[in-house]
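A.B. asks: Here is a sequence together with a model predicted from it:
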Amino acid sequence: MLKDSTSIFSIPSPRQTIDDLNARAKGATDTLGRYARPNVASGRVVCLIAPNGAPDCKAAADKLCQSKGFASGNSIESDAAENCPARVLLSGRPPEPGECRTDNYVTRALCQ
């Protein structure tokens, strides 16, 4: 009689229980990972110069995010480098004021 009643309730084996718990835990971890990780794009995109003379890094952040498949973005990390013509570098002399320009770059952006 007891044997018939246990077949109705189908008690899983310890191995089946552990496998089921592992599968549920993996699913929960994957879901949490998608929400916990912000959409950050890394790269190097030059900031254009705005009409007021300041670097326009918003457009560069958008371009960086779009290159990774997102719609837009905001700069969270940037870099700057002095850009001198080859003739100045090859001459071996220090650059005159105005001969070189400073280029700004977005290197990381938070994307949407």
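C.D. replies: Yes, it's here.
A.B. asks: residues in contact with the residue positioned nearest the centre of the chain?
C.D. replies: The chain has Val40 as the residue nearest its centroid, 2.1 Å off, counting by Cα atoms, centre = their mean. Contacts for Val40 (Cβ atoms under 8 Å, 6 or more residues apart in numbering) come out as Ile76, Arg108, Ala109, Leu110, Cys111. C-beta: built from backbone N, CA, C; applies to glycine.
A.B. asks: what do you get for Glu99?
C.D. replies: So Glu99 contacts Cys84, Pro85, Val88 (Cβ under 8 Å, 6+ apart).
A.B. asks: which one among these gets closest to Asp103?
C.D. replies: Proximity of these to Asp103 (Cβ to Cβ) peaks at Cys84, which lies at 10.8 Å.
A.B. asks: That closest one is in contact with Pro94, isn't it?
C.D. replies: No - the pair Cys84 and Pro94 fails to qualify as a contact (Cβ atoms under 8 Å) at a distance of 10.0 Å.
A.B. asks: And the helix or strand containing Ala61, how far out from the chain middle?
C.D. replies: Counting by DSSP states H and E, the secondary-structure element that holds Ala61 is helix 57-67. Centre-to-centre, helix 57-67 and its host chain are 12 Å apart (Cα atoms, centre = their mean, to the nearest Å).
A.B. asks: residues in contact with it?
C.D. replies: With contacts defined as Cβ under 8 Å, 6+ apart, helix 57-67 is touched by 39, 41, 43, 45-48, 71-75, 78, 104-106, 109, 111-112.
A.B. asks: try it again with 7 Å
C.D. replies: The contact list for helix 57-67 (Cβ atoms under 7 Å, 6 or more residues apart in numbering) reads 41, 43, 45-48, 72-75, 78, 104, 106, 109, 111.
A.B. asks: Just the contacts of Val40: which are in strands?
C.D. replies: Ile76, Arg108, Ala109, Leu110, Cys111 (DSSP state E).
A.B. asks: Could you dump these into JSON lines and include pLDDT and neighbour count?
C.D. replies: As requested, these are arranged in JSON lines below (pLDDT from 0 to 100; neighbours: other Cβ atoms under 10 Å):
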{"residue": "Ile76", "pLDDT": "95", "neighbour count": "15"}
{"residue": "Arg108", "pLDDT": "96", "neighbour count": "18"}
{"residue": "Ala109", "pLDDT": "96", "neighbour count": "31"}
{"residue": "Leu110", "pLDDT": "95", "neighbour count": "17"}
{"residue": "Cys111", "pLDDT": "95", "neighbour count": "22"}
